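K.L.:
Sequence first, then the predicted structure, then my questions.
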Amino acid sequence: MPPIQKTSNVLTLLSCLLLAACSTPSDNAREFRVAGSSPPNSPWSMQWQRFAENLAAAPDISLEPALYVHGQLGDPERSIQSLRRGRVQLGGFPLSAAAALVPEVALLHAPFVFSSEAEVDHVIDHFLQPAFNELFEAQGVTVLNWTEAGWNHLYASTPIRTPEALVNFPIRTQPTLGSRVMFSTLGADVRPIPYSDLLSSLQTGLVRGADGNLVMYFAAGLVDEAPYLTLTGHVFEVGVILANSAWWQSRSEAERTAIHAALGPRTRLRAEVAAQADALMNAAVTAQRVEVHTPDASELRAWRAVGPRVRQRLVQEIGGEAARIDALITAGQRSFATADRVQ
């Protein structure tokens with residue numbers, strides 16, 4: 001066989017295999033693909049393993065989730081588009097990826113909006129859920145549950161105790177509008193670097209700090225390059241579990257019920273995230289790898305002062321339904337405050 005013809009045949013075969021791998025399973029298929037970007041042995045990875053086990057144990061249900069939850073299908077921004085097109089049927093996504101479909105969710109990354117997990121639950125469950133359901137459905141995906149990674153804090157190679165310390169400070173922003181607007185409002189030298197490049201960027205000095213949840217800060221070794229941790233708790237980092245709407249509607253009521261049950265309550269994941277964060281923190285403190293600063297009342301007031309300005313800018317920059325979502329957040333907060341006083 002001539003070399004050119006042989007190469008052509010090989011390429012044709014590879015293309016067919018790729019198309020077959022990316023094709024959408026039939027509506028009656030037992031197997032469905034689950035996408036995610038959880039690090040192995042993390043609480044989020046364990047949640048997906050538990051999901052598969054729970055679904056396998058469900059009576060009278062014959063569904064087989066194929067887990068691609070360690071980023072095998074690409075970054076979250078890419079895999080959420082695969083979900084939308086039906087190449088993936090279910091997945092867990094950070095707000096940065098979800099905002100590509102529904103920009104209004106970026107409001108949940110406005111700093112110092114929420115003061116407790118209970119307030120987050122109240123506002124999302126009783127005020128935001130219906131509105132977000134509608135916005136996601138318009139994009140061809142269905143919200144099944146919310147997930148979370150805990151509170152975001154600041155960490156750096158030098159102490160950052162007040163907002164003034166961030167002026168002209170080279171900091172990596174998360175791939176969310178809320179993060180970028182927050183740090184630009186504080187006058188920082190904003191550098192939107194992918195998470196995969198964060199550790200090397202800290203090592204080379206391209207950035208000198210960032211923010212994020214405690215599990216990833218310790219588990220990924222970021223603590224060794226940025227050992228000064230300031231417990232600002234400025235954002236409660238949530239994500240969302242989505243299903244392709246066409247696939248979801250093709251499932252029987254019994255299958256949908258089983259999938260919901262297999263996902264479990266987010267309170268269990270919250271407890272697991274908190275337990276792992278505490279264990280990692282205690283180990284790092286004991287080993288003197290980290291210097292932890294808890295802002296006093298005066299410092300915390302200074303940090304919180306940036307919140308309203310960032311929130312207002314976000315509403316303006318997002319547009320769309322952002323003003324309505326922002327009003328729902330406010331209504332939810334007032335409702336929570338009232339319920340809290342009654343209790």
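P.N.:
Yep, it's here. Because the structure is a prediction, the values reported are computed rather than measured.

K.L.:
Could you pull out the strands in the stretch 51-200 of the chain for me?
P.N.:
Per DSSP state E, counting those that start in this stretch, the stretch 51-200 of the chain carries strands over the ranges 64-68, 90-94, 141-156, 170-172, 189-191.

K.L.:
I'd like to check the angle between the third one and strand 90-94, please.
P.N.:
It stands for strand 141-156. In terms of direction (axes from the mean of the first three to the mean of the last three C-alpha atoms, to 10 degrees), strand 141-156 departs from strand 90-94 by 30 degrees.

K.L.:
try the first one
P.N.:
Here strand 64-68 runs at 30 degrees with respect to strand 90-94, directions being taken by the same axes, to 10 degrees.

K.L.:
same for strand 64-68, what does it pack against?
P.N.:
strand 31-35, helix 43-57 (3 or more C-beta pairs under 8 Å, 6 or more residues apart in numbering; DSSP states H and E). For every residue, glycine as well, the C-beta is placed using N, CA and C.

K.L.:
How far does the shortest one sit from its chain's centre?
P.N.:
Okay, so that is strand 31-35. 19 Å (C-alpha atoms, centre = their mean, to the nearest Å).

K.L.:
swap in stretch 253-270?
P.N.:
When distances are taken as C-alpha atoms, centre = their mean, stretch 253-270 is centred 18 Å away from the chain's centroid.

K.L.:
Could you dump the helices and strands packed on strand 64-68 into TSV with distance to Asp189 and mean pLDDT added?
P.N.:
As requested, the helices and strands packed on strand 64-68 are exported to TSV (distance: least, C-beta to C-beta, whole Å; pLDDT from 0 to 100):
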stretch	distance to Asp189	mean pLDDT
strand 31-35	34	96
helix 43-57	31	94
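
K.L.:
Of those, which stretch is the most buried?
P.N.:
Mean neighbour count (mean count of other C-beta atoms under 10 Å) peaks for strand 31-35 among the helices and strands packed on strand 64-68, with a mean of 21.

K.L.:
That strand pairs with which strands?
P.N.:
Applying DSSP bridges to the sheet, strand 31-35 is found paired with strand 64-68 (parallel), strand 90-94 (parallel).

K.L.:
next one: the last one to chain centre, how far?
P.N.:
Chain-centre distance of strand 90-94: 8 Å, with C-alpha atoms, centre = their mean.

K.L.:
what's in contact with it?
P.N.:
32-38, 44, 48, 65, 69, 76, 79-80, 83, 144, 147, 149, 237, 239-244, 247, 259 (C-beta atoms under 8 Å, 6 or more residues apart in numbering).

K.L.:
Return the one helix or strand Glu237 maps to as CSV; C-alpha atoms alone will do.
P.N.:
In the assignment (DSSP states H and E), Glu237 maps to strand 228-244. The C-alpha trace of strand 228-244 is given here as CSV (Å, rounded to 0.1, in the frame of the first residue of the first chain):
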residue,chain,number,x,y,z
TYR,A,228,1.0,34.1,54.5
LEU,A,229,-2.7,33.3,54.9
THR,A,230,-5.3,35.9,55.7
LEU,A,231,-8.7,34.6,56.7
THR,A,232,-10.8,37.1,54.9
GLY,A,233,-13.6,34.7,54.0
HIS,A,234,-14.6,37.1,51.3
VAL,A,235,-16.5,34.6,49.1
PHE,A,236,-18.3,31.4,49.8
GLU,A,237,-17.3,29.4,46.7
VAL,A,238,-20.2,27.5,45.2
GLY,A,239,-20.6,25.4,42.1
VAL,A,240,-23.4,23.7,40.3
ILE,A,241,-24.3,20.2,39.2
LEU,A,242,-26.0,20.3,35.8
ALA,A,243,-27.6,17.8,33.4
ASN,A,244,-28.2,18.1,29.7
